[in-house]
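Engineer: requesting a structural model of the entry that follows:
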Amino acid sequence: MATEKTARATWEGDLMSGSGRVSTGSGVLSEEGVSWSARAEDTAGVSPEELIAAAHATCVSMALAHGLAEDGHTPTRLETEATATFDKTEAGFRLTTMKLAVRGEVDGIDEEGFRKAAEGAKENCPVSQALKGNVDITLDAALD
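Structural biologist: Okay, the predicted model is just below:
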């Protein structure tokens with residue numbers, strides 16, 4: 001059961017002074033502004049790295065919810081924050097690290113069990129699989 005999701009980006013001008021827009025097929029993003037300064041200087045606008053971080057946080061939360069429920073521990077609440085680092089390296093600009101911080105309210109599981117489940121979600125969610133070998137992914141997981 002394959003699904004396809006789409007996004008469209010337009011860009012006008014050169015990298016440093018130009019700008020663009022990004023939209024998703026679902027309409028969640030509609031003509032959101034993108035620019036080099038939003039990407040490299042933390043100014044207003046969305047960046048590719050922010051979108052990857054959002055995708056990763058969502059993917060890990062969903063994978064963790066599934067894994068916990070499969071083990072009989074349906075979570076009350078999960079919150080995942082993903083922080084993507086965009087940095088200049090010897091090879092050029094790269095997404096270098098993704099820091100995942102997961103907090104959860106889950107009945108019937110201890111800290112060790114929760115951390116183990118979160119580690120499994122981190123390793124196996126499709127976004128982690130796409131980043132593996134290219135981005136250093138770390139995890140901090142704890143029960144609330």
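Engineer: per-domain residue ranges of the chain.
Structural biologist: The chain resolves into domains spanning 7-40, 48-143 when parsed by automatic domain parsing.
Engineer: any chance of the ones you listed in JSON lines, with distance to M1, mean pLDDT and mean neighbour count too?
Structural biologist: All C-beta spots, glycine's among them, are computed from the backbone N, C-alpha and C. Formatted as JSON lines, these follow (distance: least, Cβ to Cβ, whole Å; pLDDT from 0 to 100; neighbours: other Cβ atoms under 10 Å):
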{"stretch": "domain 7-40", "distance to M1": "18", "mean pLDDT": "95", "mean neighbour count": "13"}
{"stretch": "domain 48-143", "distance to M1": "14", "mean pLDDT": "98", "mean neighbour count": "16"}
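Engineer: how about D140: what's its closest non-neighbour residue?
Structural biologist: A101 (4.8 Å; Cβ to Cβ, 6 or more residues apart in numbering).
Engineer: that's a strand at the one you found, yeah?
Structural biologist: Yes: counting by DSSP: H, G, I helix; E, B strand; the rest coil, A101 is part of a strand.
Engineer: that one: what's it in contact with?
Structural biologist: Listed by Cβ atoms under 8 Å, 6 or more residues apart in numbering, the contact set of A101 reads T80, E81, A82, T83, L139, D140, A141.
Engineer: how far off centre is the host helix or strand of L78?
Structural biologist: Per DSSP states H and E: L78 is located in strand 77-89. Centroid separation for strand 77-89 versus its chain: 6 Å, with Cα atoms, centre = their mean, to the nearest Å.
Engineer: repeat for stretch 95-113
Structural biologist: With Cα atoms, centre = their mean, you get 14 Å for stretch 95-113.
Engineer: can you give me the helices for this protein?
Structural biologist: Along the chain, the stretches classed as helices by DSSP state H are 36-40, 48-70, 111-124, 126-131.
Engineer: indicate which one of the ones you listed is closest to T6.
Structural biologist: Among the helices of the chain, the nearest to T6 by Cβ to Cβ is helix 48-70 (13.4 Å).
Engineer: many thanks, I have nothing further to ask.
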